[in-house]
Every structure is written in structure tokens, then in C-alpha cells.
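[1] Mind looking at a prediction? Sequence and model below.
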Amino acid sequence: MNLQLLILIEHLLHYGEINNFFPIRDKIYVRNKYYRLLNISEILIPTIDNQNTESLIDILDNIIVLVDDNTKYTLGKTLDQQRCCLIDIMLPFPSQIEDRFYLLLAQSGIKVALDWYYQFSIATDYIKTKSIAKNKHWHSSSKYGDLEITINLSKPEKDPKEIALLKSLANSEYEYPSCLLCLENEGYTGSLTKAARHTHRMLSLNLNNENWMFQFSPYAYYSEHSIIINYKHQDMHIDMDTLYAFFDFVDLVPHYFIGSNSDIPIVGGSILNHDHFQAGSYIFPIEKAKVKNSINKDNVVVEYLYWPISTLRLNGTKNNILKLAEKLINKWYSFSYPELDIISATNNIRHNGITPVLRKISQDNYQLYLMLRNNRTNHIYPDGIFHPHQELHHIKKENIGLIEAMGLAILPGRLEYELRLMNDFLSLNNLNQALERLEQDHTMHKHREWLKYLYLSYKNFDNDNYNLLYDEVSNKFCQVLEHSGVFKHDKSGDEALENFLNS
Ligand SMILES: [Zn+2]
């Protein structure tokens, strides 16, 4: 009999009890499930000090260390699978979570119901709060107002052993679930390429007479970052159906914004083959942008924002906004202005796209943001004309999706290490020595020009140059957004926009 293991199971049960994963009536039953799963036969139930509340992950990891290899293997191949498997034993079924949510919604309103579901998703470790806390985050000013930067350090790094296993498994895996958003992920064991989803519980929603599923993002980029996923694995499409679904959503959840990536590559998100939206309780920099000019059209106040991504903000009632938005989206999908390289389609493939965002302001008063995008490439800009150009790729080369277009940069985790070295290079106060050091590390070669620029622009570095580096990274992000804008804020850009609005 392993007393330590029995004590840990009691701690786990206590955690489940205080988080209401199961009613007290079921405690004996759940305990026996753990004994069965962990192959425990000789039992003397220990009493534990309930004041001593270890974190869930610590309890799980201590259990995993104590069980023999065979038992461990039945829990899962990866640590993530093993943890999820142990948590799932004490969780309710998805339908029970949904019932609880809809009961709370009926009794106490959407905020209480969503807050409960959010806390549940944290308590089950579905939302990885511990990992998210590792992200670096800062604000800095720009001519468009404050911008926000996040260096994303929360996505887990793969164990070298897992990567090796993965290599040997290449192409042998059956494609189930079809993608990482699919419904089939609910309770899915995971694999070496797909996350363990034992503890995944989604909520059904009806939007625009279609079935959608709601969940929080495990690696949230902002407060209550949520994903709304079409019940069917079908391609992204931004059209009037999207907007009808948006309005249904903000009428149900008025304290959240909702938005979507565009439906075309380069200027969209990373998943185009499964229709989904993003939402949450967060105010983005774009919402504080200055209004450059404003016109009244069909009972809608149309504001053109002073924002690097060309954005129209429509203010008005639901019906009026919908009518005007339909005209604007259709118009944009076929609008060309070759002088500025804006060509709406080539060979029947559409290049113009929309990144839409909706917020409810008050009863029948909404704001719809239409960000005008174009994903064409040419020989000068093979990655995209309205995409961060080559000289910015040392900071960011990924797609500029919804969240970034709204002014919150999600920068790759590699930058944490690279900025640390940049700081060291600056601390040398000697450009030649700094360049020598840079040449020794091939991951740093891409920052060569930037290092020279920093030495030219600043004098007398000290040991901590992070504020300077953070500001300079923000400047780069500002340029990233400017490259992504179709109408630049200059004379020809303003004329082209005028042309679009009058056409
Ligand atoms: Zn899918």
C-alpha cells in the first residue's frame, strides 16, 4: 500500500469537491474510480488536512510520479494526457455542464452564467492560467494611440522525446478530429500532434438559426478570450450570415465583443477550414482610435478611423447597420484601385477580404468595425503587398489576424531569448564587438540591421535596455500594421478611400 498515493487521491477529491466537480453524494464512487484506474487494491483511506490546498497540477504530477510505468501508460503517453485523464475522472459530462450553464442563464443572467463557466474552465485547467502568466505584455504609445504587445510564451514546448516519437509516426495517423476546432475534440484523448481534450466541455449556442459551440481559449491572449465554432467542419466565410450571427451573439452576451478573421489566406487567421469567431471581455486599442472623418449614410454614422489598418466603423441600429454593411462588403469584394495595388481578384480568386468586429453599445445601438484587407502578392512582395514586408520579418512574419488588426500584437516566443541577447549586445556599448557577438549566433543574424540602427539612434546603453527595446519592438509592430493597411494615411490613400465610399 502506497500511503502517499492514497493521500494525494484524497487531495484530488478535495479539490474536486470544493470546485463542485461532483456532488458530495458521489465522492465514494469517484474515489473508487481513481483506485480502479490507478490499480490500487490495499486501501486504508487516510484523513487529510483540508487547509493544505496544493495546486491541481502539483497534486496530479505527484500522483503520476508515484504510479508504476504500466499504470502511467494507461493514463496516456504524454504528461498532458496523463494529467487530463486524471482530472476528467471527476468531471461532469458536457450535457451536464450545458444544463448548469443554461439554468444559471435563466436564473441569474448571462454574466453570472458565463463567469461560472469561465471559473469552471480555469478550475479544470482547461484554461492554462499558469502558462498564460508567463507571457510578456506591455503597452506603448504610437501616433495611432496606445498599442499592446504580447510575447507568447504560453504554448507548450514539445519534449525532445515526443518530437522523436512524432517523426517515427509521420503520416501514419488517421485524421480524427478533422481539425483542432472540431467538436470531436470534446473528450478526445489527444495524440502526439493533437492536444489532449479530456476536460474539454463546450456550450451549444444558436446563432442565426445555426448550431455553434462556445468555448474559452486554453491559451488566452486577452481577458475571457473565447472561440465560437461552427457545429460543422466547414470553411470560413465572411458575408451577411456572419453578421447576423454576430448580432445574435452580442444580443445574448452584450458585455463581449465578437469578431472574425477574414476568410482568405495571408490576411486571415491560421485556421481557414473551420468556420469560427472570437469574442471576449476586452477593449482593444482600435476602439480608442481617433476618428479621421465621419459621414452620415442611410441613417448610419460611418466613421473612418485614424488607424493603420483601413477601418470603417458603422454606428447605428441593427437593421440600418446590416443594410449598409451589405452594400459595403459587396462593394469592397469587387473594388479595385490599381494605382495603389488594390486589385480585388485575379483568375476569379478574391483578394479583398473583411475583418469584422461588432460591439453592442446599448439597446439597439451597435458599432460594427469593417477592416478592409487585401491578400494579393507580387514579385516585389511575394509574402503579401498588404502584409508585413521583409524588413520586419525579424520581429513578425505571421499573418496579421483579427487580434493584431485591433492593435494587440502576438509575437513569437523566440523573441524573449532574442531580446535578451539584444540587451547584452547593447550593454557592450561597442558596435563592432556587438556585431561580432551577433555573428556567433545564427538565430540573431536577422537582427543585424536593427542592431546597427539602435546603435545609431541611441547612445550610452546601460545593463538594462529593455524599455528601449520594448519601445522599438512596438514601433516595428506599428509598421507591421501600416504595411497591412490598404489605404495609407496620405493624399493618395485618402483619395482612394473617397473613391471607394462614393462608388
Ligand atoms: Zn474542424
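    Nice, I can see it. Residues are numbered from 1 along each chain as shown.
[2] Look at Asn206 and give its secondary structure.
    Classification of Asn206 by DSSP: H, G, I helix; E, B strand; the rest coil places it in strand.
[3] Find me the pLDDT at the closest residue to Asn2 other than its chain neighbours, would you?
    With sequence-adjacent residues excluded and distances taken as Cβ to Cβ, 6 or more residues apart in numbering, Asn2 is closest to Leu66, at 6.2 Å. In short, each C-beta sits where N, CA and C put it, glycine included. The model reports Leu66 with a pLDDT of 96.
[4] show me the contacts for Leu66.
    Residues near Leu66 by Cβ atoms under 8 Å, 6 or more residues apart in numbering: 2, 4-5, 8.
[5] ok now do the residue of the stretch 251-400 of the chain found nearest the ion, which residues does it touch?
    Residue of the stretch 251-400 of the chain nearest the ion, by Cβ to the ion: His274 (3.5 Å). By Cβ under 8 Å, 6+ apart, the residues touching His274 are 178-179, 181-182, 229-230, 233-236.
[6] Try it again at 7 Å.
    By Cβ atoms under 7 Å, 6 or more residues apart in numbering, the contact list for His274 reads 179, 181-182, 229-230, 233.
[7] Next one: the nearest residue to it once chain neighbours are set aside relative to Leu411, how far apart?
    Excluding its sequence neighbours, the residue lying closest to His274 (Cβ to Cβ, 6+ apart) is Leu181, at 4.4 Å. According to Cβ to Cβ, to the nearest Å, Leu181 and Leu411 sit 23 Å apart.
[8] out of these two, which sits in the more crowded spot?
    Leu411 (23 against 19; other Cβ atoms under 10 Å).
[9] What's the local residue count around the residue in the stretch 351-500 of the chain positioned nearest to the ion?
    Nearest residue of the stretch 351-500 of the chain to the ion: Gly401, at 17.5 Å (Cβ to the ion). For Gly401, the number of neighbouring residues by other Cβ under 10 Å comes to 20.
[10] Could you check how far it is from Pro388?
    Using Cβ to Cβ, we find Gly401 at a distance of 12 Å from Pro388.
[11] now swap in Ala196 and tell me
    Taken as Cβ to Cβ, the span from Ala196 to Pro388 is 34 Å.
[12] before we move on, what about His351?
    Computed as Cβ to Cβ, the His351 to Pro388 distance reads 17 Å.
[13] do the same with Val267
    Distance, Val267 to Pro388, using Cβ to Cβ: 11 Å.
[14] okay, now the domains of this protein?
    For the chain, the domain assignment from automatic domain parsing gives the residue ranges 3-90, 136-155+389-484, 156-218+221-386+491-502.
[15] Can you verify His139 is assigned to a strand?
    Yes. Using three-state DSSP, the assignment for His139 is a strand.
[16] one step back: now for the domains of the chain, which one comes closest to Tyr118?
    Of all those, domain 156-218+221-386+491-502 sits nearest to Tyr118, with 6.1 Å by Cβ to Cβ.
[17] remind me which residues of this structure are low pLDDT?
    1, 52, 156-174 (pLDDT under 70).
[18] residues from it in reach of the ion?
    Within reach of the ion by Cβ under 5 Å from the ion, the chain has these residues: 178-179, 181-182, 233, 274.
[19] at 8 Å what do you get?
    177-183, 229, 233, 271, 273-274 (Cβ under 8 Å from the ion).
[20] Taking those residues, please make a PyMOL selection of just the buried ones.
    Filtering the residues of the chain next to the ion down to the buried ones (16 or more other Cβ atoms under 10 Å) takes a single PyMOL command:
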select buried, resi 177+181+182+183+229+233+271+274
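[21] Identify those among the residues of the chain next to the ion that sit within strands.
    Using DSSP state E, the members of these that fall within strands are Ile229.
[22] No further queries at this time; thank you.
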